[in-house]
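> Please work out how this folds:
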Amino acid sequence: MPPAGILPAQPARAWARALLRPLDSVPKASADITRLAVSMPRSGVARLLGLSRNTVAAHLRRAELALGQDLSDVRSRAAVHLAIALGSSCAGPEPDQRQLPPALPDLLSNEPAAAWAQTILRLLHARHRRTLQAWIDANTDAQQAARRMDISRGTGPVSIVHNKRPQLSTVHIGRRVR
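Prediction:
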């Protein structure tokens, strides 16, 4: 998540509240499970709460229907995760509900946000940025990303090792398979 001050507070709060408002219509347990599930694997949520994976999945389906989001999609999950983080970190008055909230691309297109993203991404070598983009485009499916990049998942020029938690994914250098 971008550090405080990168996104304009009032528009960020308005966007986050608008995205998450539908969670008010689901049982509190479903909303709480959703908040956990955007940052950890569903099986981890189940273990943590002492629930079956099917129970967690049922709660998430309720939340997905209310939100109009597919939480198995990495971009949707990231948007919901950002909204939850912004909602909990943006203190201040409730946004004016008569005004339409900004769209996420508009919210992220300000100069401080672009500079922050460039600073983070600059740390990655260009081929690793391409691999990361392919991995995101493949919805974190390492095999599909490797196919799209025409490399072997295990031995290509850049291979992706995907742990169950996306934030723990790593990139390894290998050699091209012919």
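> Just the helices from this protein, written as ranges.
9-20, 28-37, 42-49, 53-67, 74-89, 104-108, 111-122, 126-137, 142-149 (DSSP state H).
> between those helices, which gets nearest to R98?
helix 9-20 (10.7 Å; C-beta to C-beta). Every C-beta, even on glycine, is put in place using the N, C-alpha and C of the backbone.
> what angle separates the closest one from helix 111-122?
70 degrees (axes from the mean of the first three to the mean of the last three C-alpha atoms, to 10 degrees).
> re the thing from before, could you export the helices of the chain to CSV, including columns for mean neighbour count?
Formatted as CSV, these follow (neighbours: other C-beta atoms under 10 Å):
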stretch, mean neighbour count
helix 9-20, 20
helix 28-37, 19
helix 42-49, 16
helix 53-67, 17
helix 74-89, 18
helix 104-108, 14
helix 111-122, 12
helix 126-137, 16
helix 142-149, 18
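> Dump these to TSV, plus distance to R98.
Output for the helices of the chain, formatted as TSV (distance: least, C-beta to C-beta, whole Å):
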stretch	distance to R98
helix 9-20	11
helix 28-37	25
helix 42-49	36
helix 53-67	22
helix 74-89	19
helix 104-108	18
helix 111-122	26
helix 126-137	35
helix 142-149	43
